[in-house]
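> just need the structure, nothing else, for what follows:
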Amino acid sequence: MEIYAFFVLVMASAIFLSYLKLKKLNKELITKAESIPKDYKGSWEKDLEAKREILKEIKNIRSNLD
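Coordinates of the predicted model:
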């Protein structure tokens with residue numbers, strides 16, 4: 001019976017330590033996210049804008065040909 005109680009105590013402490021670690025990690029991620037400027041655009045957003053500009057140019061050229 002004492003072995004089971006010890007096992008439960010060890011598991012509870014491991015879960016609690018994991019919770020504290022995740023809580024600290026969450027705070028760090030929130031801090032990093034808040035430090036990113038609001039107008040920041042990632043590389044995929046820049047690529048998307050570039051593709052939209054190319055499509056606009058293609059549509060302009062097609063409309064000029066008609």
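
> for the rest of this, base every contact and every neighbour count on C-alpha atoms.
OK.

> got the contact list for residue 34?
Contact analysis of residue 34 by C-alpha atoms under 8 Å, 6 or more residues apart in numbering lists nothing.

> now it: phi and psi?
Dihedral pair for residue 34: phi -70, psi -20, per degrees, to the nearest 10.

> please apply the same query to the one 5 residues further on.
Residue 39 adopts backbone torsions of phi -90, psi 10, taken as degrees, to the nearest 10.

> what about it, how many residues close to it?
6 (other C-alpha atoms under 10 Å).

> where's residue 23, which helix or strand?
Applying DSSP states H and E as the criterion places residue 23 in helix 2-35.

> identify each buried residue in the helix or strand just after that helix, please.
Remark: after helix 2-35, the chain's next helix or strand is helix 43-65, criterion DSSP H and E. Buried residues in helix 43-65, counted by 16 or more other C-alpha atoms under 10 Å: none are found.

> tabulate the CA atom coordinates of helix 43-65 in PDB.
In PDB, the C-alpha atoms belonging to helix 43-65 read as follows (Å, rounded to 0.1, in the frame of the first residue of the first chain):
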ATOM      1  CA  SER A  43       7.700  35.500 -45.900                       C
ATOM      2  CA  TRP A  44       4.500  33.700 -47.000                       C
ATOM      3  CA  GLU A  45       2.500  36.900 -46.800                       C
ATOM      4  CA  LYS A  46       5.100  38.800 -48.900                       C
ATOM      5  CA  ASP A  47       5.000  35.900 -51.500                       C
ATOM      6  CA  LEU A  48       1.200  36.100 -51.500                       C
ATOM      7  CA  GLU A  49       1.300  39.900 -52.100                       C
ATOM      8  CA  ALA A  50       3.900  39.500 -54.900                       C
ATOM      9  CA  LYS A  51       1.700  36.800 -56.600                       C
ATOM     10  CA  ARG A  52      -1.300  39.200 -56.400                       C
ATOM     11  CA  GLU A  53       0.700  42.000 -58.000                       C
ATOM     12  CA  ILE A  54       1.700  39.700 -60.800                       C
ATOM     13  CA  LEU A  55      -1.900  38.600 -61.300                       C
ATOM     14  CA  LYS A  56      -3.000  42.200 -61.500                       C
ATOM     15  CA  GLU A  57      -0.300  42.900 -64.100                       C
ATOM     16  CA  ILE A  58      -1.400  39.900 -66.100                       C
ATOM     17  CA  LYS A  59      -5.000  41.000 -66.000                       C
ATOM     18  CA  ASN A  60      -3.900  44.500 -67.100                       C
ATOM     19  CA  ILE A  61      -2.000  43.100 -70.000                       C
ATOM     20  CA  ARG A  62      -4.900  40.900 -71.100                       C
ATOM     21  CA  SER A  63      -7.300  43.800 -70.900                       C
ATOM     22  CA  ASN A  64      -5.000  46.000 -73.000                       C
ATOM     23  CA  LEU A  65      -4.800  43.300 -75.600                       C
END
